[in-house]
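**Student:** fold the following.
(one chain, ligands or ions: 1)
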Amino acid sequence: MRQFNVQIADHAQKYLDVEVPDLADHICDPPSADLGDLSLPCFLLAKALAEAPTATAERLAGKTWDIPWVESVSPAGPYLNFKFQADKFSRQALAQVLDQTEVWGSSEVGQGITVLVEYSSPNIAKHLAVHHMRSTMLGQSITNLLRCAGFSVTSWNHLGDWGTTFGKLLAAWELFKERDDLDSPALEERTDAISDLNSLYVAFNEATKENPELEDIARKWFKKLEDGDPQARARWERIRNVSLARFNLVYDRLGVHFDRVIGESHYQQGMVDVVEQLTESGLLELSEGAEIVRLSDDIPPMLIRKQDGATLYSTRDLASAIERYHQVAFQRCLYVVDAGQGLHFRQLFEVLKMLGYDWADDLEHTEFGIMRLNIEGNWKKGKTRGGQVVLLEEVLDQAVELAANIVKEKNPDLPDQELDEISEAVGVGAVVFSDMKAARRKDVNFDLDKILSFDGETGPYLQYTHVRFCSILRKAQEQGIETGDGSRLDQPSEIILLKRVLRFPDVILRAARDAEPSQVSQYLLELASEFNTYYAKHRIISEDLQLSGDRLALIEVLRSTMKSGLDLLCIRPIERM
Ligand code: ARG
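**Tutor:** Numbers count the residues shown, from 1 in each chain. Next up, the predicted model:
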């Protein structure tokens, strides 16, 4: 809609001989379509002219507006409402979308600006649990949005592959052979190596309760690992590889890709360097045997090294931030991590600032709320009563199974392979959309039954709307109807739909700027609902071939908007169902 808004804003400024920056951004819809198709609030213009906004609106209404697609203007208090010349507006609107050779909605606003987006970042030797979905999908969608707006993005997975956990695992590998020997069958050959690793880890922790010296053995193993002992290193690498292979299966299903997968293990040297810098700049302080950096009064100090000299998650994040900047030279770096880690990131950013890194101001904690699951009737944070985490793969599988039942019911004649593909897209799409629908900072209640409904505010509802667009277009093609230029699109509901379509690029820009995929979700829901209202009242294909052609053009732009939108949200825009 930008181009239309800008034209109105330019004319208004010219008629009044005054300049108001960004006036076009204030143009909005009138409260009801009877009043007009667009509305110019006159407050800023009036302020610049030192007069009452109602007077400005009256004066503007008295001008002869020479914009071809404006039919009439009328003042309404401090607003000036515009009624469109429907045929001209529709034709111009359609051309604008259909002429774009790039993906509809994309722009080059971010050209020359580099953004690093870190997301997912799970710990290895564990399955991806359902709560990992938030960071993973928000991060991927934010990456897609930024790219669509022309930013150059490096997507980054900060794998949790270092720390005392691995000392325990390596100790268990050696000591618990009788229970489960990870060499026979070899880790790589197992159907579920991750669960086996996890049971061994749990068993080890259990055993430490009775036998505290196991802790010491675990510490020694971690030390061996840090010192590069070949056996420890080789086993750790195998654990890392099987974990990554399993993560990748899930990432593939979800449409998630990373430019860099760099584990915490990578920062051995970086940590030495950063501790040295902290020491040199006099920031490192000894406190009860540990090394800390004291921060401003309202934040507790950041712990850099424990009493035993072991480095920490936070030390690795310091080293990682510095390396990220060296590798990527970003203008903006987002950490898509749950809000619970807010303090950690405040400490991290502050210490980097104290070290004199200007770019520390460009780091953002892109925080999000928790995801709760309905477990035996209660909303829980992703754990069953027995304390088991709910695995992401399991949730996806369940959703796909439920989707298959629904799709089969709707379309019993689908061949098996197509049924499988569609159910996968719908089931996974439903789960992903439920994550993208709510504003990022809000907590999400995840309810498998609700998210699969085809007539709620769900992923399947949007996919189904896309399928409807596709099948209308297919039918028209079979009948040999050609798309028109849109001159006959004069129904108020058609103007509303076209205005909605034209706002898509701006929605993407805002969503990218705010790192807020929910803005796209909400936009698509509105688009679908406006279309479905329209579709209930109007036939697309009729005996009037010219009108049919024009309406088909509308369907075509709706389809490409819905497709781009779903792609941005990592939801597969299927064409049949
Ligand atoms: N691996 C961490 C966890 O599972 C998340 C890492 C977040 N990213 C970071 N740079 N600290 O809690």
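
**Student:** name the element residue 272 belongs to?
**Tutor:** Per DSSP states H and E, residue 272 falls inside helix 268-280.

**Student:** what does the stretch 101-250 of the chain put close to the ligand?
**Tutor:** Counting by Cβ under 6 Å from any ligand atom, the stretch 101-250 of the chain comes close to the ligand at 118, 121, 122, 123, 158, 160. All C-beta spots, glycine's among them, are computed from the backbone N, C-alpha and C.

**Student:** those residues in strands, which ones?
**Tutor:** Secondary structure from DSSP state E places residue 118 of those in strands.

**Student:** buried set for the very next helix or strand once past the helix holding residue 272?
**Tutor:** Per DSSP H and E, the first helix or strand lying C-terminal to helix 268-280 is strand 284-287. Neighbour counts over strand 284-287 (16 or more other Cβ atoms under 10 Å) mark residue 284 as buried.

**Student:** helices or strands up against strand 284-287?
**Tutor:** Applying 3 or more Cβ pairs under 8 Å, 6 or more residues apart in numbering; DSSP states H and E, one finds that strand 284-287 contacts strand 290-293.

**Student:** what about residue 466, how many neighbours?
**Tutor:** The tally of other residues near residue 466 (other Cβ atoms under 10 Å) stands at 25.

**Student:** give me the pLDDT for it.
**Tutor:** Note on residue 466: pLDDT of 97.

**Student:** please list all residues in contact with it.
**Tutor:** Residues in contact with residue 466 (Cβ atoms under 8 Å, 6 or more residues apart in numbering) are 559, 562, 563, 566, 573, 574, 575.

**Student:** do you know how far it is from residue 524?
**Tutor:** 9 Å (Cβ to Cβ, to the nearest Å).

**Student:** quick check: neighbours shared by these two?
**Tutor:** Listed as contacting both residue 466 and residue 524 by Cβ under 8 Å, 6+ apart are 562, 566.

**Student:** dump the contacts of residue 466 to CSV, plus pLDDT, secondary structure and neighbour count.
**Tutor:** Formatted as CSV, the contacts of residue 466 follow (pLDDT from 0 to 100; DSSP: H, G, I helix; E, B strand; the rest coil; neighbours: other Cβ atoms under 10 Å):
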residue, pLDDT, secondary structure, neighbour count
559, 97, helix, 21
562, 98, helix, 25
563, 97, helix, 19
566, 98, helix, 25
573, 96, coil, 22
574, 96, coil, 19
575, 95, coil, 16
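
**Student:** was I right about residue 90 contacting residue 486?
**Tutor:** Yes: using Cβ atoms under 8 Å, residue 90 is in contact with residue 486, at 4.2 Å.

**Student:** between those two, which contacts overlap?
**Tutor:** Common neighbours of residue 90 and residue 486 (Cβ under 8 Å, 6+ apart) are residue 550.

**Student:** please enumerate the strands of the chain.
**Tutor:** Taking DSSP E to define them, one finds strands in the chain at 38-41, 70-76, 79-84, 114-118, 152-157, 260-261, 284-287, 290-293, 302-305, 332-335, 363-365, 371-375, 378-380, 444-446.

**Student:** got the contact list for the first one?
**Tutor:** The list of residues contacting strand 38-41 from outside it, by Cβ under 8 Å, 6+ apart, reads 4-5, 8-9, 12, 23, 26-30, 53, 60, 76, 78-82, 84, 499.

**Student:** pretty sure residue 246 sits against residue 126.
**Tutor:** No: the criterion here is Cβ under 8 Å, and residue 246 misses it with residue 126 at 9.8 Å.

**Student:** common neighbours of the two, please.
**Tutor:** The overlap between the contact sets of residue 246 and residue 126 (Cβ under 8 Å, 6+ apart) consists of residue 194.

**Student:** quick one on the thing from earlier: mean pLDDT added to the strands of the chain, as CSV?
**Tutor:** Converted to CSV, the strands of the chain look like this (pLDDT from 0 to 100):
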stretch, mean pLDDT
strand 38-41, 97
strand 70-76, 96
strand 79-84, 97
strand 114-118, 98
strand 152-157, 98
strand 260-261, 98
strand 284-287, 94
strand 290-293, 95
strand 302-305, 94
strand 332-335, 98
strand 363-365, 98
strand 371-375, 83
strand 378-380, 79
strand 444-446, 89
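
**Student:** what helices or strands is the helix holding residue 272 leaning on?
**Tutor:** With contacts defined as 3+ Cβ pairs under 8 Å, 6+ apart, helix 268-280 has these neighbours: strand 302-305, helix 313-328.

**Student:** nearest to the ligand, of the ones you listed?
**Tutor:** helix 313-328 (4.9 Å; Cβ to the nearest ligand atom).

**Student:** count the residues that sit near the residue of the stretch 1-150 of the chain found nearest the ligand.
**Tutor:** In the stretch 1-150 of the chain, the residue that lies nearest the ligand is residue 121 (3.8 Å; Cβ to the nearest ligand atom). When counting by other Cβ under 10 Å, one arrives at 22 neighbours for residue 121.

**Student:** for it, which non-adjacent residue is closest in space?
**Tutor:** Excluding the flanking residues, the one nearest residue 121 by Cβ to Cβ, 6 or more residues apart in numbering is residue 158, at 4.2 Å.
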